[in-house]
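A.B. asks: Please find the sequence and the predicted model below.
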Amino acid sequence: MVKDKDGETKGMVVYDPRDVLGLTVYPHGSSLANAKTANSLPDIGDKCVIADSDDSDIAGTYVVTSSAKSKSNTDVTSFDVEATKYSTDISTTISS
């Protein structure tokens, strides 16, 4: 940020642009075996491809940056996933 002598922001330089998505995912399957398979969290660093014909702004290749599972005896299991899209697809260069 560029500030004047009074500390007021007068300008900004943006670098390393990225988009961050917060997703709530409800795993399911057509059979019990498929549902159990779908019930595993994505790993940090996993590639996440978003395709949405109604919202092309979010379509693209992302990297999972956080994930958590919520379970309840009165509700369905859900995942909270944060995924980040960088200006260049870095999903193939991530090492763990």
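C.D. replies: Everything's here; your move.
A.B. asks: which ones are touching Phe79?
C.D. replies: Applying Cβ atoms under 8 Å, 6 or more residues apart in numbering to Phe79 gives the contacts 23-27, 41-42, 67-70. (C-beta placed from N, C-alpha, C; glycine too.)
A.B. asks: nearest residue to it other than its sequence neighbours?
C.D. replies: Excluding the flanking residues, the one nearest Phe79 by Cβ to Cβ, 6 or more residues apart in numbering is Val25, at 4.2 Å.
A.B. asks: Ramachandran coordinates for the one you found?
C.D. replies: The phi and psi values for Val25, taken as degrees, to the nearest 10, are phi -110, psi 130.
A.B. asks: wait, it sits on Thr77?
C.D. replies: No - if you go by Cβ atoms under 8 Å, Val25 and Thr77 don't touch, sitting 9.5 Å apart.
A.B. asks: Burial check on Tyr62, number of neighbours?
C.D. replies: 26 (other Cβ atoms under 10 Å).
A.B. asks: how close does it sit to Pro42?
C.D. replies: Remark: distance between Tyr62 and Pro42 (Cβ to Cβ, to the nearest Å) = 10 Å.
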